[in-house]
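[1] Sequence first, then the predicted structure, then my questions.
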Amino acid sequence: QKNETLNVTNIVKLGLDIFSEDYIQFSSEDNEIYANFDRTQLIRVVTNLVKNGIQAIPIDKENPMIEVKVASENDMVKITIKDNGIGVSEENKSKIFEPKFTTKTSGMGLGLAMVKNIVETYKGNITFTSQQGMGTTFTVTFPKI
């Protein structure tokens, strides 16, 4: 991994380009929020969280929604990814960052463990709130420059 000075707003937007779902909304408080991060790793964090959000929304859901927001809070960059999917059950909340934990029928369950690892490498933090049947919001924060 290499540290580079990135405009987080642009890179997050770039990461969303791979998705064709028209219900993904992006907004940013600022066109320019800079941080030291590896470009590929930051895109990986965003795409992983968005993909999880898409997979958490039932196919027959009316008005599916994923909101991706970039903001600046004190000396931190804050990225929130909110979905209106099925949510995380109480019993699974403590496990979702564990390697090999998954509720899906395919995949290795390494996504969130990897995301957490990347974010913490850059002295950041990842948290989430979730309500069953209502959706989940992941919040990623890391130092800006």
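    Thanks, I have it. Numbering: from 1, shown residues only.
[2] Only C-alpha atoms from now on, for both contacts and neighbour counts.
    Will do.
[3] what about the residue nearest the centre of the chain, which SS state?
    Among the residues of the chain, the one closest to the centroid is Leu49, at 3.5 Å (C-alpha atoms, centre = their mean). The three-state label given to Leu49 by DSSP: H, G, I helix; E, B strand; the rest coil is helix.
[4] My guess is it contacts Thr80. True?
    No. The criterion here is C-alpha atoms under 8 Å, and Leu49 misses it with Thr80 at 9.6 Å.
[5] Please enumerate the shared neighbours of these two.
    Phe138 (C-alpha atoms under 8 Å, 6 or more residues apart in numbering).
[6] Ramachandran angles for the residue sitting furthest away from the middle of the chain?
    Going by C-alpha atoms, centre = their mean, the residue of the chain most distant from its centre is Asp60, 23.0 Å out. Phi and psi for Asp60, reported as degrees, to the nearest 10, are phi -90, psi 10.
[7] Would you map the strands across this protein?
    4-7, 24-28, 34-37, 66-73, 76-83, 125-131, 135-143 (DSSP state E).
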